[in-house]
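Undergrad: here is a sequence together with a model predicted from it:
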Amino acid sequence: QSATGQSSCEACEGGKYVDYVGASSCVRCSEDSENYGHEYSSYEGAIRCDKCTAGYYLSKNDKCIECPRGTDCSGEGMMITSLEVEPKYYRFTESSEHIYS
């Protein structure tokens with residue numbers, strides 16, 4: 001909601017979320033150290049921080065984990081299944097979190 005007393009709500013911009021219906025302001029994911037941290041972000045209109053910043057990927061347990069050596073995590077929103085493995089590195093399955101050289 002952009003102003004107190006307004007009858008309609010506006011979606012939070014990317015990187016922010018609203019933690020309850022009727023909240024008067026959005027919370028920046030990176031500033032909510034109690035629940036998230038600098039490695040978290042969100043999509044527009046989010047109710048939680050469910051996207052990782054560049055250099056991190058979203059694990060099977062919905063945690064932002066630093067990308068391992070041998071992967072390309074230069075963009076936001078990477079998931080374990082979308083991690084691109086660089087040449088001369090490999091992993092056994094698309095959902096494997098272990099990268100080998």
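TA: Looks like it arrived, so ask away.

Undergrad: show me which positions of stretch 55-65 end up buried.
TA: For stretch 55-65, the buried set under the neighbour-count rule, 16 or more other Cβ atoms under 10 Å, comprises Y56, Y57, L58, C64, I65. (Glycine included, C-beta is placed from N, CA and C.)

Undergrad: partner residues bridging the fourth one?
TA: Read that as C64. Beta-bridge partners recorded for C64 (DSSP bridges): L58.

Undergrad: contacting residues around it?
TA: C64 is in contact with G37, E39, Y40, C52, T53, Y56, Y57, L58, counting by Cβ atoms under 8 Å, 6 or more residues apart in numbering.

Undergrad: what would those residues look like in CSV with secondary structure and pLDDT?
TA: As requested, these are exported to CSV (DSSP: H, G, I helix; E, B strand; the rest coil; pLDDT from 0 to 100):
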residue, secondary structure, pLDDT
G37, coil, 90
E39, coil, 95
Y40, strand, 96
C52, strand, 96
T53, coil, 96
Y56, strand, 97
Y57, strand, 96
L58, strand, 94
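
Undergrad: so which of those residues comes closest to K16?
TA: Y40 (10.9 Å; Cβ to Cβ).

Undergrad: now the strands for the protein?
TA: For the chain, applying DSSP state E gives strands covering 16-17, 27-28, 40-41, 51-52, 56-58, 64-66, 71-72, 84-85.

Undergrad: so who does S59 touch?
TA: Listed by Cβ under 8 Å, 6+ apart, the contact set of S59 reads I65, I80, E97.
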